[in-house]
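[1] Give the three-dimensional model of this entry:
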Amino acid sequence: MNTRLQKVVPDMKKFSVTLLLEVEEPNNILSSHIDSHTEDVFDFVQDVFYDNEDVNVKNLLVKERLNA
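    A predicted model of the protein is given here:
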């Protein structure tokens, strides 16, 4: 391969982030269908990072926490 044509890609740094997202009611991100709320939050978090082309969300897990 011609080394002049190789694109230099810097090493990717990876971070694991854990957060608890509290959504106030009334809100605009949760649908009226309660069973879809986990998917709504998943889409919201993914969309927050979508416009930044230097960041890729590789593994996103969303679970609803019930009030204990």
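[2] and stretch 19-31, how far out from the chain's middle?
    15 Å (Cα atoms, centre = their mean, to the nearest Å).
[3] and it, how far apart are its ends?
    Stretch 19-31 has an end-to-end distance of 21 Å (Cα to Cα, to the nearest Å).
[4] Name the residues of it that are buried.
    Leu30 (16 or more other Cβ atoms under 10 Å). All C-beta spots, glycine's among them, are computed from the backbone N, C-alpha and C.
[5] which stretches of the chain have low pLDDT?
    Across the chain, the ranges flagged by pLDDT under 70 are 1-9, 68.
[6] And the helices in it?
    37-50 (DSSP state H).
[7] Chain neighbours aside, what residue packs nearest to the residue nearest the centre of it?
    Centrality entry for the chain: nearest residue to the mean C-alpha point is Gln46, 3.2 Å, by Cα atoms, centre = their mean. Using Cβ to Cβ, 6 or more residues apart in numbering and skipping residues adjacent in sequence, the residue nearest Gln46 is Val57, 5.7 Å away.
[8] Same question for Phe42.
    Val62 (4.4 Å).
[9] which residues does the residue nearest to Gln46 contact?
    Contact partners of Val57, counting by Cβ atoms under 8 Å, 6 or more residues apart in numbering, are Val45, Gln46, Phe49.
[10] With distance to Leu20 added, can I get the residues you listed in TSV?
    As requested, the contacts of Val57 are exported to TSV (distance: Cβ to Cβ, whole Å):
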residue	distance to Leu20
Val45	12
Gln46	17
Phe49	18
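[11] Looking at those residues, which one is closest to Met12?
    Among the contacts of Val57, Phe49 lies closest to Met12 (Cβ to Cβ), at 14.6 Å.
[12] Identify the residues contacting Leu30.
    Contacts for Leu30 (Cβ under 8 Å, 6+ apart) come out as Val23, His37, Asp40, Val41.
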